[in-house]
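Chemist: Only the shape, not the letters, is given here:
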């Protein structure tokens with residue numbers, strides 16, 4: 001029986017957060033702070049996207065932010081972690097973001 005695409009999607013989001021960079025584990029709180037900027041997202045929202053049983057789907061803009069965050073380890077360069085602006089991304093990072101976005 002093929003896997004439910006919603007479950008695959010939720011598991012992929014969790015894997016990005018937990019396994020993207022070996023030796024670094026991004027928590028749901030850290031991701032919520034980075035994606036929300038001045039107004040952090042709720043941990044429950046991040047959790048709902050990663051819930052394989054009943055996943056919620058991020059908006060297109062949130063998905064782009066998610067892909068941007070995970071396109072570069074520079075997202076982790078400061079504390080709290082942050083989402084880099086489009087102008088800050090290198091060409092390689094933009095390519096990585098676009099690949100992640102297409103995958104998701």
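Modeler: The structure has been received and is ready for your questions. On a predicted model such as this, the values are computed, not experimentally measured, just so you know.

Chemist: which SSE is residue 52 in?
Modeler: Here residue 52, judged by DSSP states H and E, is contained in no helix and no strand.

Chemist: right, I mislabeled it, should have said residue 11
Modeler: helix 5-19.

Chemist: which helices and strands sit right next to that helix?
Modeler: Using 3 or more Cβ pairs under 8 Å, 6 or more residues apart in numbering; DSSP states H and E as the contact test, the elements touching helix 5-19 are helix 43-49, helix 60-71. Quick note: C-beta positions are derived from backbone N, CA and C, even for glycine.

Chemist: Quick check: buried residues in the last one?
Modeler: When you say that, I think you mean helix 60-71. By neighbour count on 16 or more other Cβ atoms under 10 Å, the buried set for helix 60-71 is 62-71.

Chemist: In the protein, which residue is most central in space?
Modeler: residue 66 (3.2 Å; Cα atoms, centre = their mean).

Chemist: now the helix or strand following the helix holding residue 11: how far from the chain's centre is it?
Modeler: Sequence-wise, the next helix or strand downstream of helix 5-19 (DSSP H and E) is helix 28-36. For helix 28-36, the distance from its own C-alpha centre to the chain's C-alpha centre is 9 Å (Cα atoms, centre = their mean, to the nearest Å).

Chemist: Any idea how far apart the tips of stretch 70-78 sit?
Modeler: 15 Å (Cα to Cα, to the nearest Å).

Chemist: Mind listing what's buried along that stretch?
Modeler: Buried residues in stretch 70-78, counting neighbours by 16+ other Cβ under 10 Å, are found at 70-72, 75-76.
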